[in-house]
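A.B. asks: Return atomic coordinates for the entry below.
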Amino acid sequence: DVERGEERAAKAEGKMKSQETEMQRMSDQLKSLEENDGADKEEMLEERLRELEEEYRTVDKEADEAERRVANLNSQVDAINNEVNTWKEKHRATKSELDAMLKEFGDM
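C.D. replies: Numbers count the residues shown, from 1 in each chain. Sure thing, here's the model as predicted:
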């Protein structure tokens, strides 16, 4: 689950970077259109830029959520590891106690 979350976060970040690059490209095209006579193209590119900005915000939110999930899963893994270590210690203590009892019975 942690690996899946990290993979999803990495994909979301990659998608985000791709969107940033695309937004920059579209922004550059808009600037060049301002120098030319192309009101229709400019309007179309502005709309595309708005779409990309919205998509970027969505991907950014998804990446944040994936990072929160990864942090939560890491916390759960730590808690489980602590519990396993506690049970291992209890097992060692019980084994030592049992060995002592067996030695005691052997000495009788």
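
A.B. asks: for the worst-scoring helix or strand of the chain on mean pLDDT, which positions count as buried?
C.D. replies: Within the chain, no helix or strand scores below helix 2-35, which has a mean of 84 by mean pLDDT, DSSP states H and E. Residues of helix 2-35 classed as buried: 5-6, 8-9, 12-13, 15-16, 19, 23, 26, 29, 33 (neighbour count, 16 or more other Cβ atoms under 10 Å). Using the backbone N, CA and C atoms, a C-beta is placed for each residue, glycine as well.

A.B. asks: Dump those into a markdown table; add distance to M44 as well.
C.D. replies: Below are the buried residues of helix 2-35 laid out as a markdown table (distance: Cβ to Cβ, whole Å):
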| residue | distance to M44 |
| --- | --- |
| G5 | 38 |
| E6 | 38 |
| R8 | 33 |
| A9 | 33 |
| A12 | 28 |
| E13 | 29 |
| K15 | 23 |
| M16 | 24 |
| Q19 | 18 |
| M23 | 15 |
| M26 | 10 |
| Q29 | 10 |
| L33 | 10 |
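
A.B. asks: Identify, from those, the entry nearest to L98.
C.D. replies: Closest approach to L98 among the buried residues of helix 2-35 (Cβ to Cβ): G5, at 41.8 Å.

A.B. asks: ok, so what distance separates that closest one from E67?
C.D. replies: 8 Å (Cβ to Cβ, to the nearest Å).

A.B. asks: what's the answer for E47, then?
C.D. replies: 31 Å.

A.B. asks: and the longest helix seen in the chain with helix 2-35, angle?
C.D. replies: Assignment by DSSP state H gives helix 39-106 as the longest helix of the chain. Helix 39-106 runs at 170 degrees relative to helix 2-35, counting by axes from the mean of the first three to the mean of the last three Cα atoms, to 10 degrees.
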